[in-house]
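Chemist: pasting the sequence and the predicted model now:
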Amino acid sequence: MRDLGYFGHFLHLHAGGRSGKQRMLERILREGGTISQRELQDTVPISSAAVSEVLAKLEFEGLITRTRSESDKRQLDVTLTENGQAEAKVCAEKHAKFEAEALSVLTEDEKGQLLGMLDRLMEHWQDIEEKDRAVESRRAILASPVRAQGDHLDACWVAEGVWQARLGDAVSRHRGGCA
């Protein structure tokens, strides 16, 4: 199989990265110029801290404003400014031009097939990531004993992922490990 890393590198280099400022501006524009920060966070593959950082830069540059949502005061609405709308349109045009040029070697039918295969790969890779997160979460839980408030609950990992719990004085006597 060829080096798939090249494709990722090419797209990152020429199409604005995974979810940089350009992508966020385009996303807000597609939503009519306003989107909640939570909705935006749900559509990009980066952490909420990274989203906040990018939005802070866009706000500093005068491309967006962030205000409390009228419908839910816990949420922030992200709105393109006039300059932000102009910049988002330029980004969208560049993105469309890049996409057309990058895929110009394919027929419309081939583009459809490619998109279908990429969607299948993305779903499969997301399943893999989900399984990996579940395994890591299980490992983190297993790395330290679980103690409930006042119950002296001690949980231990037993072969094949089965939990064994011992309550009360037996646990107090056996703080050194699982039996």
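Modeler: Cool, the structure landed.

Chemist: list the helices and strands the host helix or strand of Lys94 packs on?
Modeler: In this assignment (DSSP states H and E), Lys94 forms part of helix 82-102. With contacts taken as 3 or more C-beta pairs under 8 Å, 6 or more residues apart in numbering; DSSP states H and E, helix 82-102 sits against helix 21-30. No exception for glycine: its C-beta is placed from N, CA and C like everyone else's.

Chemist: contacting residues around the helix it packs on?
Modeler: The contact list for helix 21-30, computed with C-beta atoms under 8 Å, 6 or more residues apart in numbering, reads 16-17, 34-35, 40, 43-44, 51, 54-55, 57-58, 63-64, 78-80, 84-85, 87-89, 91-92, 94-95.

Chemist: circling back: buried sites along the helix holding Lys94?
Modeler: For helix 82-102, a neighbour-count test (16 or more other C-beta atoms under 10 Å) marks Gly84, Gln85, Glu87, Ala88, Cys91, Ala92 as buried.

Chemist: now do the same contact list for the last one.
Modeler: Contact analysis of Ala92 by C-beta under 8 Å, 6+ apart lists Glu26, Leu29.

Chemist: same thing with the second one?
Modeler: Taking C-beta under 8 Å, 6+ apart as the criterion, Gln85 is in contact with Leu29, Gly33.

Chemist: how distant is the longest helix seen in the chain from the center of its chain?
Modeler: For the chain, the helix with the greatest residue count under DSSP state H is helix 108-143. With C-alpha atoms, centre = their mean, to the nearest Å as the basis, helix 108-143 stands 12 Å off its chain's centre.

Chemist: return the set of buried residues in that helix.
Modeler: Under 16+ other C-beta under 10 Å, helix 108-143 has no buried positions.

Chemist: cool, and stretch 22-42?
Modeler: Result for stretch 22-42 [16+ other C-beta under 10 Å]: buried residues 22-29, 31, 35-38, 40-41.

Chemist: now the two most distant members of these.
Modeler: By the measure C-beta to C-beta, Gln22 and Arg38 form the most distant pair in the buried residues of stretch 22-42, at 20.8 Å.

Chemist: spatially central residue in this structure, please.
Modeler: Pro45 (3.0 Å; C-alpha atoms, centre = their mean).

Chemist: how about that one, secondary structure?
Modeler: coil (DSSP: H, G, I helix; E, B strand; the rest coil).

Chemist: gap between Gly8 and Trp125?
Modeler: Distance of Gly8 to Trp125, computed by C-beta to C-beta, to the nearest Å: 12 Å.
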